[in-house]
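A.B. asks: pasting the sequence and the predicted coordinates here, then a few questions.
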Amino acid sequence: LSLPALPPLPVESGTAASERAAARNALEWACLFAARIQNVELFEPFFLQLKGLYMDHGAELGASENYPIILGINLLHQLVDNDLGQFHSELELIPEEVQQSPHVSFAVGVERDLMMGSYDKVIHASDNPPNAYCGLFATDLLNTVRDAIGDCAEVSYETLSVNEAVRMLKFQSRAELDVYVADSRPDWILEPTAEVLRFHPPASTGLTVPSTEIMAQTLAYATDLERIV
C-alpha cells in the first residue's frame, strides 16, 4: 500500500487528504488495539506517528471519535511512568474543549489526586475508568501509588508491623508484600519472627574506635617530638 502523502517526505496530491485520513484511522485503531491487549511497547510507536498527524494535519482532518480517548490513554501513560513534566507538556497540546471530555479529564483528575496524596481516590478511579481501553495502565497506576506510599513510609517510620504494611500498601496478603519487597524494595527487611517490616538496617549502638590509626598517629607525634628535643 503506497501513501505518498505521509511523513517523512510527504507528497501533496489530489488524494493527499484521504491518504492521511486513512492513515490516521489505521493508527488510531492500532493504538486502541495495543491498549486493549495491554501492550505499552506497541502503543508508544503507534501514538508517536499518530501525534504527528494530529499536530500537523488536525485542521485538515478534523477531530475523530477516538481522538479524546487516545489522548487520555497517553496521559495515563505519562502518569504511570511518573513523568509529570511530559504529562503537562502533552496536556498543553490538547485543545481546551477536548480537555473537558471524560477521557482526558479522567487522567487530569488522577494526576491531581496523585499530587495531593489522595491515593484511595486514585485506586477508586483506576477501578472505574471512562472506557475499556484504560485497562492498559489501570494496574500500573496501582503500582505507582504503592511506590509513592512506600517512599513516604520509609522516611516516616523505622518499622511497621507486617499487617499494617499490607494494609497501607494496598495488598491483599502477606505473600504479595513479600513479592513486592523482593522485586522492588531490596533494601527493606522483613523480619519473619517478629512479623515486622524494617525500612532501614538497625543502627549500630557500639562506637568503633580506630585504634590502629590512633596508634600510628601517636607514634608519628612521638617521633617528631624526639627530633625537636
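C.D. replies: Received the coordinates, thanks. Residues are numbered from 1 along each chain as shown.

A.B. asks: can we go C-alpha only for contacts and neighbour counts from here?
C.D. replies: Noted.

A.B. asks: sec struct for Pro129, please.
C.D. replies: Using DSSP: H, G, I helix; E, B strand; the rest coil, the structure places Pro129 in coil.

A.B. asks: measure it to Ile149 for me?
C.D. replies: According to C-alpha to C-alpha, to the nearest Å, Pro129 and Ile149 sit 22 Å apart.

A.B. asks: and Ile37, what does it touch?
C.D. replies: Leu136 (C-alpha atoms under 8 Å, 6 or more residues apart in numbering).

A.B. asks: need the pLDDT of it.
C.D. replies: You'll see Ile37 listed with a pLDDT of 89.

A.B. asks: same thing with Val166?
C.D. replies: pLDDT, read off for Val166, is 94.

A.B. asks: got the contact list for it?
C.D. replies: Applying C-alpha under 8 Å, 6+ apart to Val166 gives the contacts Gln172, Ser173, Arg174, Leu177.

A.B. asks: buried ones in stretch 174-192, by neighbour count?
C.D. replies: For stretch 174-192, the neighbour count (16 or more other C-alpha atoms under 10 Å) marks Leu177, Tyr180, Trp188, Ile189, Leu190 as buried.

A.B. asks: quick one on the thing from earlier: just the closest of the contacts of Val166 to Glu44, please.
C.D. replies: Using C-alpha to C-alpha, Leu177 comes nearest to Glu44 of the contacts of Val166, at 30.6 Å.

A.B. asks: low-confidence stretches in this structure?
C.D. replies: By pLDDT under 70, the weakly predicted segments of the chain are 1, 9, 202-229.

A.B. asks: from the buried residues of stretch 174-192, which land in helices?
C.D. replies: Those of the buried residues of stretch 174-192 mapping onto helices are Leu177, Tyr180, per DSSP state H.

A.B. asks: in a markdown table: the buried residues of stretch 174-192, plus distance to Phe199.
C.D. replies: Shown next, in a markdown table, are those (distance: C-alpha to C-alpha, whole Å):
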| residue | distance to Phe199 |
| --- | --- |
| Leu177 | 13 |
| Tyr180 | 13 |
| Trp188 | 5 |
| Ile189 | 6 |
| Leu190 | 9 |
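
A.B. asks: pick the one among the buried residues of stretch 174-192 closest to Leu136.
C.D. replies: Tyr180 (20.3 Å).

A.B. asks: against Glu65, how distant is the closest one?
C.D. replies: In terms of C-alpha to C-alpha, Tyr180 sits 39 Å off from Glu65.

A.B. asks: can you give me the helices in this structure?
C.D. replies: 16-36, 40-61, 67-80, 84-92, 96-99, 102-116, 119-126, 135-156, 162-168, 174-184, 211-228.

A.B. asks: which of the ones you listed is buried the deepest?
C.D. replies: Compared across the helices of the chain, helix 67-80 shows the largest average neighbour count, a mean of 23 (mean count of other C-alpha atoms under 10 Å).
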